[in-house]
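Would you be able to build a 3D model of this:
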Amino acid sequence: MTPTPSPTPPKASQWFFTLRVYREPAALRMLLLGFSAGLPLLLVLGTLSFWLREAGIDRTTIGYLSWVGLAYAFKWVWAPLVDRLPIPWMTRALGRRRSWLLLSQLTVMLGLVVMSFNDPQLALTPVVWGALLVAFGSATQDIALDAFRIESAGAQKQAALAATYQTGYRLAMIWAGAGVLWIAARAQSSATAGYEHNAWQSAYWVMALSMLLGMLTVWFSAEPQQPVLAPAKNPLQWLRGALIEPFADFLNRYRWQAVLILALIAIYRISDVVMGIMANPFYVDMGYSKDEIAAVTKIYGVIMTLVGAFVGGALAMRLGVMRVLMLGAVLSSASNLLFALLSARGHDLNGLIFVISADNLASGIASASFIAYLSSLTNVNYSATQYALFSSMMLLLPKFLAGYSGRYVDSFGYADFFVATALLGLPVLLLVALVSRIKSTSSA
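Got it, this is the predicted structure:
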């Protein structure tokens with residue numbers, strides 16, 4: 001007698017099984033480590049700009065100081081060391097990934113303390129050096145953390161890990177954005193209405209202590225399984241394995257198609273990054289109050305990004321990464337047009353809520369799918385170096401162009417600027433369509 005086939009589970013059950021991946025230990029670890037990764041970014045960019053402006057530093061200087069963030073775009077330079085070089089004592093005790101994670105987190109904490117002890121009104125240079133230390137430590141943490149994530153689960157679960165990572169990252173941005181302002185406001189003396197360094201010092205101390213969450217997560221986590229590397233016979237062979245082979249491996253796997261892939265990586269987030277640098281000045285010039293900006297963009301907006309990240313992660317597992325990558329590219333460009341419409345309305349809180357909802361939802365979907373795509377390109381033998389190369393390329397051109405966004409707004413206005421940033425996304429759509437035809441050749 002022929003056995004009766006098992007009934008196909010209903011689609012609701014299939015989706016429940018898919019979403020269950022978010023409860024796995026690897027996903028929960030990435031939530032906490034994502035918080036550690038997201039905390040430093042605003043503290044050397046957006047929040048630092050607010051602090052410097054309140055201290056009376058001119059806008060031109062603040063604009064140039066935003067290039068501190070270029071440290072993230074050049075992390076591929078030292079990524080081979082993070083991928084291969086052991087740290088005395090620490091690597092033996094913790095493992096290759098965990099030792100670099102812990103060292104980088106200590107560096108971020110030290111940089112935040114240095115920044116907190118110096119008043120930019122009296123001595124701006126030490127604050128800049130502290131910011132550079134934070135950016136360097138943060139970029140190094142990203143290198144080790146990306147490798148840790150890729151090695152913690154198979155390719156099928158990378159979108160889910162990316163979603164939980166993004167969740168922790170965005171929660172940290174709330175804490176490093178709205179949280180810092182809240183702490184500084186309450187630490188300020190009631191007798192002083194203007195700038196007070198002690199208030200910012202207290203806020204940055206709290207941010208430094210917040211890095212302990214990631215450090216404890218690293219301490220209690222297991223080192224992920226990594227391929228056994230053959231010991232180098234001489235320094236030249238070590239340099240070849242650390243510096244040359246990761247890049248040669250990628251080119252050998254994709255040949256001429258590597259040009260298309262690298263071009264897509266270089267411009268995929270260009271609309272968001274170039275637009276983002278002028279977002280806060282736009283809110284101020286439109287007459288939104290600090291409370292409105294904090295509530296709508298720093299808290300509600302981040303929540304919408306988290307929703308987008310989870311939606312993007314789930315869709316990527318069900319529909320495939322490339323389809324969601326195209327969806328994210330379309331939504332990211334289109335949402336910038338909403339800012340152009342908002343610029344014609346002036347102070348419109350309901351309009352701001354709608355635009356932030358659409359923009360951050362699109363950003364979350366695009367980010368989760370893009371991280372999953374970058375992860376699929378890596379060979380686990382060189383995961384840290386290759387992923388650092390990809391994520392660095394993602395930021396280099398957009399951040400460089402973003403440095404001149406203020407001049408563009410001064411010359412042509414906000415509406416033209418937002419339309420121009422939307423048009424920057426058109427080549428992305430073409431590249432996604434071309435790259436989607438390339439067969440993935442990632443190596444285990």
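
Okay, the closest residue in space to residue 356 that isn't next to it in sequence and residue 424: tell me how far apart.
Using C-beta to C-beta, 6 or more residues apart in numbering and skipping the chain neighbours, the partner closest in space to residue 356 is residue 301 (4.5 Å). For every residue, glycine as well, the C-beta is placed using N, CA and C. Note on residue 301: its distance to residue 424, by C-beta to C-beta, to the nearest Å, is 21 Å.

Those two: who's more crowded?
residue 301 (26 against 20; other C-beta atoms under 10 Å).

The more buried one touches residue 360, doesn't it?
Yes. Between residue 301 and residue 360 a contact is recorded at 4.6 Å, counting by C-beta atoms under 8 Å.

ok, then the element right after the lowest-mean-pLDDT helix or strand in the chain?
One helix or strand of the chain scores below all others by mean pLDDT, DSSP states H and E: helix 11-19, with a mean of 50. As assigned by DSSP states H and E, the chain's next helix or strand after helix 11-19 is helix 25-43.

tilt between the helix or strand just after that next one and helix 25-43?
Note on helix 25-43: by DSSP H and E, the next helix or strand toward the C-terminus is helix 46-54. Put simply, helix 46-54 runs at 20 degrees to helix 25-43, going by axes from the mean of the first three to the mean of the last three C-alpha atoms, to 10 degrees.

any idea which element residue 352 lies in?
helix 349-377.

Also residue 145?
helix 124-152.

Which positions within the helix holding residue 352 qualify as buried?
Across helix 349-377, burial judged by 16 or more other C-beta atoms under 10 Å covers 351-353, 355-377.

Can you list phi and psi of residue 223 for me?
Main-chain torsions, residue 223, degrees, to the nearest 10: phi -70, psi 130.

cool, residue 255 as well?
Dihedral angles (degrees, to the nearest 10) for residue 255: phi 50, psi -130.

Does residue 411 fall in a helix, a strand, or a coil region?
At residue 411 the chain is in helix, as set by DSSP: H, G, I helix; E, B strand; the rest coil.

burial count for it?
9.

What separation do you get for it and residue 273?
20 Å.

likewise residue 36?
Applying C-beta to C-beta to residue 36 and residue 273 gives a distance of 22 Å.

neighbour count winner among those two?
More crowded of residue 36 and residue 273, by other C-beta under 10 Å: residue 36, with 27 against 22.

Pull the contacting residues for the more buried one.
By C-beta atoms under 8 Å, 6 or more residues apart in numbering, the contact set of residue 36 is 105, 141, 145, 168, 172, 211, 213-215, 217.

Check it and give its pLDDT.
For residue 36, the pLDDT comes out at 95.

Which of the helices or strands spans residue 173?
helix 158-174.

just checking, what packs against that helix?
helix 25-43, helix 124-152, helix 301-319, helix 349-377 (3 or more C-beta pairs under 8 Å, 6 or more residues apart in numbering; DSSP states H and E).

Of these, which is nearest residue 339?
Residue 339 lies closest to helix 349-377 among the helices and strands packed on helix 158-174, at 6.0 Å (C-beta to C-beta).

I'd like to check the angle between that closest one and helix 301-319, please.
Helix 349-377 runs at 40 degrees relative to helix 301-319, counting by the same axes, to 10 degrees.

any idea of the mean pLDDT in helix 349-377?
88.

do the same with stretch 48-61
Averaging pLDDT along stretch 48-61 gives 77.

tell me which residues in it are buried?
48-55, 57.

of those, closest to residue 336?
Nearest to residue 336 among the buried residues of stretch 48-61, with distances taken as C-beta to C-beta, is residue 49, at 21.0 Å.

how much space is there between that closest one and residue 160?
34 Å.

ditto for residue 396
Relative to residue 160, residue 396 is positioned 28 Å away (C-beta to C-beta).

what about those two, which has more around it?
residue 160 (26 against 16).

Just give the closest residue to residue 401, not the sequence neighbours.
Residue 401 sits nearest to residue 274 (C-beta to C-beta, 6+ apart), 5.2 Å away.

Same question for residue 254.
residue 261 (6.1 Å).

so that neighbour makes contact with residue 377?
Yes. The criterion here is C-beta under 8 Å, and residue 261 meets it with residue 377 at 6.8 Å.

Can you read off the pLDDT for residue 9?
So residue 9 comes in at 49 (pLDDT).

again with residue 440
58.

Please apply the same query to residue 74.
Value listed for residue 74 in the pLDDT field: 84.

and what of residue 246?
For residue 246, pLDDT reads 77.

That one: how many residues sit nearby?
Neighbours around residue 246, by other C-beta under 10 Å: 25.

Could you tell me how far it is located from residue 274?
29 Å.

which residue sits closest to residue 219, ignoring its sequence neighbours?
With C-beta to C-beta, 6+ apart, the residue lying closest to residue 219 is residue 102, at 7.2 Å.

Can you report how many residues lie near the one you found?
By the criterion of other C-beta under 10 Å, residue 102 has 20 neighbours.

got a pLDDT number for it?
On pLDDT, residue 102 comes in at 95.

ok, it touching residue 216?
No. Residue 102 is beyond contact range of residue 216, at 10.1 Å (criterion: C-beta under 8 Å).

what about the stretch 201-350 of the chain, any weak spots by pLDDT?
226-235, 238-239, 241-243, 290 (pLDDT under 70).

Helices along that one, start to end?
Listed in chain order, the helices of the stretch 201-350 of the chain (DSSP state H, counting those that start in this stretch) span 212-220, 235-239, 245-254, 257-267, 270-276, 279-285, 290-293, 301-319, 321-343, 349-377.

So for residue 72, which of these sits nearest?
Of the helices of the stretch 201-350 of the chain, nearest to residue 72 by C-beta to C-beta is helix 270-276, at 10.9 Å.

contacts for the closest one?
Taking C-beta under 8 Å, 6+ apart as the rule, helix 270-276 contacts 332-333, 336, 339, 363, 366, 395, 397-399, 401-402, 405, 417-418, 421-422, 424-425, 428.
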